[in-house]
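Asks: Got a sequence here, can you build the structure:
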Amino acid sequence: AATPKEAATPKEAATPKEAPKHAPKAPARLEAETFDAAVARGTWFVCFTAPWCTYSQNMEPAWADAAGSLEEDDVQVASVDVSATPALAYRLGIRALPTLLFFHRGSVFEYNGPRALEHILFFAKGGFHRARGFAIPTSSSVVSTM
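Replies: The predicted structure follows:
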């Protein structure tokens, strides 16, 4: 069986093609109050970041490119500032930044692949099916496990 990292990374036989050129777009900003309602409807690819994190800052251009490229694929691209939403970050198990989570039909899939746009798009357009998904944790499920 493939490890989650291997499963989330494209295989040679299914290597992503060069990413199409689309205009970058500012990702949606999700807050703690809007997060659950947003990911409950539609498909979302969310980057969990913090303004003080250099790695998060370095991810911003590729994330804006992903937002522009996925717009016509019915995948919403968003960012969440974990410094403003610590309870949400805890609930979702965010331990490193930036963390990329793909939300689809009540499940969440963690993306651990390369940060290059073509790999991100490959994952969002179906590669996530190779990763192990889990149910989106609710506030009550975190409390009940303590």
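Asks: Who are the contact partners of the closest residue to residue 99 other than its chain neighbours?
Replies: Distances taken as CB to CB, 6 or more residues apart in numbering put residue 48 closest to residue 99, at 4.4 Å, once the chain neighbours are dropped. (C-beta placed from N, C-alpha, C; glycine too.) Contacts for residue 48 (CB atoms under 8 Å, 6 or more residues apart in numbering) come out as 79-80, 82, 89, 92, 94, 97-101.
Asks: Tell me which of the residues you listed fall in helices.
Replies: residue 89 (DSSP state H).
Asks: low pLDDT regions in this structure?
Replies: Along the chain, the parts satisfying pLDDT under 70 run over 1-21, 140-146.
Asks: Show me the longest helix that occurs in it.
Replies: helix 54-70.
Asks: hang on, the earlier thing: report the angle between whichever helix or strand the residue nearest to residue 99 is part of and helix 54-70.
Replies: Residue 48 is part of strand 43-49 when elements are defined by DSSP states H and E. Counting by axes from the mean of the first three to the mean of the last three CA atoms, to 10 degrees, strand 43-49 points 160 degrees away from the direction of helix 54-70.
Asks: so what strands line up beside strand 43-49?
Replies: strand 75-81 (parallel), strand 99-104 (antiparallel) (DSSP bridges).
Asks: and the helix or strand that the shortest one is followed by, what other elements does it pack with?
Replies: Counting by DSSP H and E, the next helix or strand C-terminal to strand 99-104 is strand 107-111. Taking 3 or more CB pairs under 8 Å, 6 or more residues apart in numbering; DSSP states H and E as the contact definition, the neighbouring helices and strands of strand 107-111 are helix 4-8, strand 99-104, strand 134-135.
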